[in-house]
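Visitor: what shape does this take:
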Amino acid sequence: MEEYKIVQRNLALQREWYGEPLGDRVRRLVVAFDVSQAQLADVLGISAPMLSQVMSGRRAKIGNPAVLARMVMLERRVLTPEVASGDKEALKRALEEVRASRPTVGRDTLPVHERNHDEAALAVLRRHARSVDDLSAAAELLSTRFPSLSDLLRRAAQEG
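Guide: Sure, this is the predicted structure:
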């Protein structure tokens, strides 16, 4: 197979396995954390050349599940208010915490178990809502068709 076809096949596999090409996900992290690809590779626990190959589609997958778990951890950290605001210390702290992590990936953790990941979603909802009443009203509107989403909105309203 010529290289172009291999890359296209690998990108299609990435869309299937990861929801989108890994290059897109990695580029968002590079921008969000204001780091180079090589620095991000170090945090993830993968070599810079390997990360480059995955991003470009020359390789289809990340072989080490802990590397993927760290990527997901960083994606979740982007949703926290401190990191989302671009606070340099918060960015640095998040990168260091993820670099030092030893995530477990298994049958019961899909793909990574990290405490308080709901808190990030609740914080984002509170930040973007005009008021607690808006959160409650949205919860009411969604309660019949989308009960899980309604519950999340109610929690954001109650704890806000």
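Visitor: spatially, what comes nearest to residue 71 if we skip its sequence neighbours?
Guide: residue 44 (6.0 Å; Cβ to Cβ, 6 or more residues apart in numbering). All C-beta atoms are positioned from the backbone trio N, CA, C, and that covers glycine.
Visitor: that neighbour and residue 51 touch, don't they?
Guide: Yes: using Cβ atoms under 8 Å, residue 44 is in contact with residue 51, at 7.0 Å.
Visitor: what comes up buried for the helix ranked longest in the chain?
Guide: Counting residues, the longest helix found in the chain (DSSP state H) is helix 3-18. Residues of helix 3-18 classed as buried: 7, 10-11, 14, 18 (neighbour count, 16 or more other Cβ atoms under 10 Å).
Visitor: then stretch 85-95?
Guide: Neighbour-count burial for stretch 85-95, counted by 16+ other Cβ under 10 Å, picks out 90-91, 94-95.
Visitor: swap in stretch 31-39?
Guide: Under the neighbour-count criterion of 16+ other Cβ under 10 Å, stretch 31-39 has 32-33, 35 buried.
Visitor: show me where this structure has helices.
Guide: 3-18, 22-33, 37-44, 48-56, 65-77, 81-84, 88-100, 117-128, 132-142, 147-159.
Visitor: sounds good, over and out.
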